[in-house]
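> coords please:
(one chain, ligands or ions: 1)
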Amino acid sequence: VAAPPKLVTKRSEEIFKEAQELLPGGVNSPVRAFRSVGGGPIVFDRVKGAYCWDVDGNKYIDYVGSWGPAICGHGNDEVNNALKAQIDKGTSFGAPCELENVLAKMVIDRVPSVEMVRFVSSGTEACLSVLRLMRAYTGREKVLKFTGCYHGHADSFLVKAGSGVITLGLPDSPGVPKSTAAATLTATYNNLDSVRELFAANKGEIAGVILEPVVGNSGFIVPTKEFLQGLREICTAEGAVLCFDEVMTGFRIAKGCAQEHFGITPDLTTMGKVIGGGMPVGAYGGKKEIMKMVAPAGPMYQAGTLSGNPMAMTAGIKTLEILGRPGAYEHLEKVTKRLIDGIMAAAKEHSHEITGGNISGMFGFFFCKGPVTCFEDALAADTAKFARFHRGMLEEGVYLAPSQFEAGFTSLAHSEADVDATIAAARRVFARI
Ligand code: PMP
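Residues are numbered from 1 along each chain as shown. As a prediction, the model looks like this:
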């Protein structure tokens, strides 16, 4: 077995050491700190296409893509040029601009359930706004979510919330009022009985159901079509609102998001990441009848100084335009399937248990036998092995999400050659871990 290549990260270590005195945990978002894989984070210098470079000059093939937004490849020239042109016209108006209509029309045109949309500045903001809207619309207070699904860090959603919360071993967060947490009910993903039981026990009290239509925040977990169909039927029968949180899946797994891919139409949808093309954007939308409750059309208050700002709209418009071209989603599916099939085959060659998959440019794998159909199954994964694999891949020049409980992302800039180099690296790492 060949020795690992030597990875020098001296500058990263120096910068992170200083950051720990300046920022809580040295970061501005927890998973970036590499707590679950160890070794300290790689500090980025620049990104382009499928690659990122750290401050020590190391180059990596990147499968995080800024956690999803970089679907056209980092620093896509068309997106960059559009942003450069917009800078000269102004970066923030705090007033209506036509770009908001352009992006709204693109979203409404593509996403089956969306007839009207409100832009905000992050996925968290989209989800907390939609929660208020579900409550306002139904006059009910309880909300049903699934264990291991993450919907941003609003109080009501920090209950069995997956991702960073699992990685850090914080099942809930201090600071969340008990009364708020009590209004959040949690069911098991892909398990309709667990949903029916909660509806039966809370008759007429559940405002809505929110879920990741493909889970990315406890690793990559796909729903069965029956599960999504069943949720649609239960919500309709119970007078509850069905919300797909498409912050991660939106415009990534299909042109019309997960709802188009599975052919299930929710009442409300949250979006983020891709529609901002690398700028801070979130959005929520749905049926006009519900969206007309939002101020100033209706009484449900929600606002934002930077909402719909022209830089964010510009990046989103260009990104969706590029994704609308023929072959975009075919490319994502082709390279990503090749990647995940190759990684799984390489693991098996070296007798490592692995299960995984992809839909379009979203993928994931767990170091366990599988199948993984919910968060509870995902806990069987060997996280210590994942940490060794992650470090080994960094040494080989491949940047993966630093947690077993995160999905991976490819982009239009990832080539078959990048994927093949990644698989070859994985084969060498599997031989030595
Ligand atoms: N919902 C989902 C499904 C997400 O994956 C995320 C972020 N990873 C969020 C909401 C929150 O988005 P943001 O980090 O932009 O606040």
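
> Quick check: buried residues in stretch 320-327?
Neighbour-count burial for stretch 320-327 flags 320-323 (criterion: 16 or more other C-beta atoms under 10 Å). For glycine as for every other residue, the C-beta is placed from the backbone atoms N, C-alpha and C.

> Return the member of those nearest to Gly357.
Closest approach between the buried residues of stretch 320-327 and Gly357, by C-beta to C-beta: Leu323, at 21.6 Å.

> Now that closest one: closest residue in space, sequence neighbours ignored.
Phe251 (5.9 Å; C-beta to C-beta, 6 or more residues apart in numbering).

> Quote the end-to-end distance of stretch 89-109.
Chord length of stretch 89-109, first to last residue, is 27 Å (C-alpha to C-alpha, to the nearest Å).

> can you list contacts of it?
Residues from elsewhere that reach stretch 89-109 (C-beta atoms under 8 Å, 6 or more residues apart in numbering): 114-117, 119, 271, 275, 283, 285, 305-306, 308-311, 313-314, 316-317, 320-321, 324.

> Show me those that map onto strands.
Among the contacts of stretch 89-109, the residues falling in strands (DSSP state E) are 116-117, 119, 271, 283, 285.

> Which single one of the residues you listed is nearest to the ligand?
Of all the ones in strands among the contacts of stretch 89-109, the ligand sits closest to Met271, with 9.3 Å by C-beta to the nearest ligand atom.

> Roughly how far does the closest one sit from Lys6?
Between Met271 and Lys6 the distance is 42 Å, computed by C-beta to C-beta, to the nearest Å.

> Those two: which is more packed in?
A side-by-side neighbour count of Met271 and Lys6, using other C-beta atoms under 10 Å, places Met271 first with 30 against 6.

> show me the contacts for whichever residue of the chain sits closest to the ligand.
Closest contact between the chain and the ligand, by C-beta to the nearest ligand atom, is at Gly123 (2.2 Å). Gly123 makes contact with 151-152, 245, 247, 270-273, 282 under the criterion C-beta under 8 Å, 6+ apart.

> out of these, which touch the ligand?
Subset of those in contact with the ligand: 151-152, 245, 247, 272, 282, counting by C-beta under 6 Å from any ligand atom.

> May I see those organised as TSV, with distance to Gly208 added?
Formatted as TSV, those follow (distance: C-beta to C-beta, whole Å):
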residue	distance to Gly208
His151	12
Gly152	16
Asp245	11
Val247	16
Gly272	19
Gly282	18
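
> Read off the pLDDT value for Pro171.
On the pLDDT scale, Pro171 is placed at 51.

> same thing with the one 5 residues further on?
The predicted local distance difference test score for Val176 is 87.

> pLDDT value on the closest residue to it other than its chain neighbours, please?
Nearest non-adjacent residue to Val176, counting by C-beta to C-beta, 6+ apart: Asp155, 4.8 Å away. pLDDT for Asp155: 92.

> Check Ser163 too.
pLDDT, Ser163: 61.

> just the strands in the stretch 251-400 of the chain please.
Secondary structure of the stretch 251-400 of the chain, counting by DSSP state E, counting those that start in this stretch: strands at 268-271, 282-286, 355-359, 362-366, 398-399.

> so which of these comes closest to Gly408?
strand 362-366 (4.9 Å).

> measure Ala136 to Tyr284 for me?
Separation of Ala136 from Tyr284 (C-beta to C-beta) stands at 13 Å.

> before we move on, the earlier item: will you turn the ones in strands among the contacts of stretch 89-109 into JSON lines that also has distance to Gly57?
Shown next, in JSON lines, are these (distance: C-beta to C-beta, whole Å):
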{"residue": "Met116", "distance to Gly57": "48"}
{"residue": "Val117", "distance to Gly57": "42"}
{"residue": "Phe119", "distance to Gly57": "38"}
{"residue": "Met271", "distance to Gly57": "36"}
{"residue": "Ala283", "distance to Gly57": "38"}
{"residue": "Gly285", "distance to Gly57": "43"}
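
> which of those residues sit farthest apart?
The distance between the two most remote of those (C-beta to C-beta) is 13.2 Å, for Met116 and Met271.

> intersection of neighbour lists for these two?
Residues touching both Met116 and Met271 (C-beta under 8 Å, 6+ apart) are Gly285.

> Cys374: which of the ones in strands among the contacts of stretch 89-109 is nearest?
Proximity of the ones in strands among the contacts of stretch 89-109 to Cys374 (C-beta to C-beta) peaks at Met271, which lies at 24.0 Å.

> which ones are touching the closest one?
Contacts of Met271 (C-beta under 8 Å, 6+ apart): 107, 111, 123, 126, 246-247, 250-251, 257, 282-285.

> which one of those sits closest to Asp54?
Nearest to Asp54 out of the contacts of Met271 is Gly123 (C-beta to C-beta; 26.1 Å).

> how much space between the closest one and Asp77?
As defined by C-beta to C-beta, Gly123 lies at a distance of 26 Å from Asp77.

> do the same with Val429
Between Val429 and Asp77 the distance is 33 Å, computed by C-beta to C-beta.

> These two: which is more packed in?
The neighbour count for Val429 versus Asp77, taken as other C-beta under 10 Å, is higher for Val429 (24 against 11).

> buried sites along the helix or strand hosting that one?
Following DSSP states H and E, one finds Val429 within helix 416-432. Buried residues in helix 416-432, counted by 16+ other C-beta under 10 Å: 418-419, 422-423, 425-430.

> for that helix, the distance to its chain's centre please.
Taking C-alpha atoms, centre = their mean, to the nearest Å, one finds helix 416-432 lying 25 Å from the centre of the chain it belongs to.

> Report the residue ranges of every domain in the chain.
Using automatic domain parsing, the domain parsing of the chain gives 10-63+327-432, 77-323.

> Any idea how many residues pack against Leu7?
For Leu7, the neighbour count with other C-beta under 10 Å is 18.

> meant to ask about Phe375, not that
Using other C-beta under 10 Å, the number of residues around Phe375 comes to 24.

> one step back: neighbour-wise, which of Ala136 and Tyr284 wins?
For Ala136 versus Tyr284, neighbours defined as other C-beta under 10 Å are more numerous around Tyr284 (32 against 18).
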